[in-house]
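Asker: Next comes the sequence, and after it the predicted model I'd like to discuss.
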Amino acid sequence: TVDTRGLSCPQPLILFHQALAENAAEPLDVLVDNEASLENVTRAAEKKGWTVAARDEGDGVFRLELRR
């Protein structure tokens, strides 16, 4: 799980790309807490062929479940 809560873009996107480089074939969860990060990480993951499911964790936090 990549926890990007409290960070603004581009930091969540950078951490997402670093996690992919380390575990490219593994399922990955990314926690975000703002709309820009939600949209940017989702778009980037889908471009790389991942399926993204956004789960509302409450308090403005979303868990992006990335699966191949």
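Answerer: Received, thanks.
Asker: Would you state the strands of the protein in chain order?
Answerer: For the chain, the strands defined by DSSP state E cover 2-3, 28-32, 51-58, 61-67.
Asker: Out of those, which is the most enclosed?
Answerer: Highest mean neighbour count among the strands of the chain (mean count of other CB atoms under 10 Å): strand 28-32, with a mean of 21. (Glycine included, C-beta is placed from N, CA and C.)
Asker: want to throw the strands of the chain into JSON lines with mean pLDDT?
Answerer: Output for these, formatted as JSON lines (pLDDT from 0 to 100):
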{"stretch": "strand 2-3", "mean pLDDT": "97"}
{"stretch": "strand 28-32", "mean pLDDT": "97"}
{"stretch": "strand 51-58", "mean pLDDT": "98"}
{"stretch": "strand 61-67", "mean pLDDT": "97"}
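Asker: Specify the stretch among those strands that is closest to Pro12.
Answerer: Nearest to Pro12, of all the strands of the chain, is strand 28-32, at 5.7 Å by CB to CB.
Asker: Taking strand 51-58 as reference, get the angle to that closest one.
Answerer: Computed with axes from the mean of the first three to the mean of the last three CA atoms, to 10 degrees, the direction of strand 28-32 lies at 40 degrees from that of strand 51-58.
Asker: For strand 28-32, give me every contacting residue.
Answerer: Contacts with strand 28-32, where a contact means CB atoms under 8 Å, 6 or more residues apart in numbering, come from 1-5, 12, 15-16, 19-20, 38, 41, 50, 57, 61-66.
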